[in-house]
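**Q** no FASTA, just this:
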């Protein structure tokens, strides 16, 4: 049971460690630099080469059944779901075989809309305490489910 965290710009790295400790799960932070090493017996730091989607490729190649992937990247979530891993966003939203197709389609549609209107500004939501709490609960549930098999 391993938790893989797409660690570049992930706001819940510390929370993932807290939950992993409670479940005695291995935790792998994957990044292409810019994050501080974590000195903890459950944590492994993986630094991938600079380049687009290098961390995503590494996670997709290593995650599988019995693992949990934490990412906001929809294409990575789709690959991890296809590999049999459980997948969560940093807000605690789960990506599953039932919803990943819709998530990919929405992502692609929004990318097309942004490309068609260069003046369109981002509309991202802020990340708050409620999101952090939902993530903690969701990761705890997913690790419990993994432990049950």
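**A** Looks like it arrived, so ask away. None of these values were measured; they are calculated from a predicted model. Residues are numbered from 1 along each chain as shown.
**Q** Tell me how far the residue located most distally from the centre of the chain lies from residue 125.
**A** Distance to the chain centre peaks in the chain at residue 119, reaching 29.4 Å (criterion: Cα atoms, centre = their mean). Separation of residue 119 from residue 125 (Cβ to Cβ, to the nearest Å): 21 Å. From N, CA and C alone the C-beta is placed, and that goes for glycine too.
**Q** remind me which residues of the protein are low pLDDT?
**A** For the chain, residues meeting the criterion pLDDT under 70 lie at 107-108, 110-114, 120-124.
**Q** In it, mark out all the helices, start to finish.
**A** 13-23, 54-62, 74-82, 100-116, 129-148 (DSSP state H).
**Q** would you turn the ones you listed into JSON lines with mean neighbour count and distance to residue 45?
**A** Output for those, formatted as JSON lines (neighbours: other Cβ atoms under 10 Å; distance: least, Cβ to Cβ, whole Å):
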{"stretch": "helix 13-23", "mean neighbour count": "18", "distance to residue 45": "11"}
{"stretch": "helix 54-62", "mean neighbour count": "20", "distance to residue 45": "12"}
{"stretch": "helix 74-82", "mean neighbour count": "21", "distance to residue 45": "18"}
{"stretch": "helix 100-116", "mean neighbour count": "12", "distance to residue 45": "28"}
{"stretch": "helix 129-148", "mean neighbour count": "16", "distance to residue 45": "19"}
